[in-house]
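S.K.: okay, here's the prediction I keep looking at, along with the sequence it came from:
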Amino acid sequence: MAKTVKSAVKRQVRRTAKRNPAAVIVLIVALAVGVVVGYFACTMLTKNDGFALKGEKTATYTVGDGGGSVTLAEDGWTLTALGRDASGSVSVETDLQKTDGGYVVPTDQARTYHIVYRSSHFLFSKYSLVRTVTVKAAEGGAD
């Protein structure tokens, strides 16, 4: 019998609390404070976040430069996520051959190459950066 009375009292307290305007106001204020604090915490955590290429986004060479190939220095990238360095989550895709510190760019014919940088970090997984390397025909020449 004591359990029945105890549960009846709990039910009555819940009903009264639901109808009490002060309880509703306290609940709304608590939710508003939580939303504001959450917004500012997220803003502070991500204020310096970014994914960017270092150096130039484009490089241009002329057919025949370097005797058939040149080495493009890899300037790299920066990736900061949630205030921390996340550069290790970046993968690089290109048709160019990788060498120490860069890529070998064939200059035997006019062509455009792309070096694509993608991140697996959840904040930047939908983004990719592209460095464009163009080998253009020599002026006045046919190639």
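M.R.: Ah, there it is.

S.K.: who's in contact with the spatially most central residue of the chain?
M.R.: In the chain, the centroid-proximal residue (CA atoms, centre = their mean) is Phe124; its distance is 2.3 Å. Contacts were defined as CB atoms under 8 Å, 6 or more residues apart in numbering; by that measure Phe124 touches Phe51, Leu79, Ala81, Ala86, Ser89. Using the backbone N, CA and C atoms, a C-beta is placed for each residue, glycine as well.

S.K.: those residues in strands, which ones?
M.R.: Phe51, Leu79, Ala81 (DSSP state E).

S.K.: and those residues as a markdown table, adding neighbour count and distance to His114?
M.R.: Converted to a markdown table, these look like this (neighbours: other CB atoms under 10 Å; distance: CB to CB, whole Å):
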| residue | neighbour count | distance to His114 |
| --- | --- | --- |
| Phe51 | 22 | 17 |
| Leu79 | 22 | 19 |
| Ala81 | 20 | 24 |
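
S.K.: may I have the worst-scoring helix or strand of the chain on mean pLDDT as PDB, with CA atoms only?
M.R.: Least confident element among the helices and strands of the chain, by mean pLDDT, DSSP states H and E: helix 2-19 (a mean of 73). Taking C-alpha atoms only, helix 2-19 is exported to PDB below (Å, rounded to 0.1, in the frame of the first residue of the first chain):
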ATOM      1  CA  ALA A   2       2.900   2.300   0.800                       C
ATOM      2  CA  LYS A   3       4.200   1.900  -2.800                       C
ATOM      3  CA  THR A   4       0.800   2.800  -4.300                       C
ATOM      4  CA  VAL A   5       0.600   6.000  -2.200                       C
ATOM      5  CA  LYS A   6       4.300   6.900  -3.000                       C
ATOM      6  CA  SER A   7       3.700   6.500  -6.800                       C
ATOM      7  CA  ALA A   8       0.400   8.400  -6.600                       C
ATOM      8  CA  VAL A   9       2.300  11.300  -4.800                       C
ATOM      9  CA  LYS A  10       5.100  11.200  -7.500                       C
ATOM     10  CA  ARG A  11       2.400  11.400 -10.200                       C
ATOM     11  CA  GLN A  12       0.700  14.300  -8.600                       C
ATOM     12  CA  VAL A  13       4.100  16.200  -8.100                       C
ATOM     13  CA  ARG A  14       4.900  15.700 -11.800                       C
ATOM     14  CA  ARG A  15       1.500  16.900 -12.900                       C
ATOM     15  CA  THR A  16       1.800  20.000 -10.700                       C
ATOM     16  CA  ALA A  17       5.300  20.700 -11.900                       C
ATOM     17  CA  LYS A  18       4.100  20.500 -15.500                       C
ATOM     18  CA  ARG A  19       1.400  23.000 -14.800                       C
END
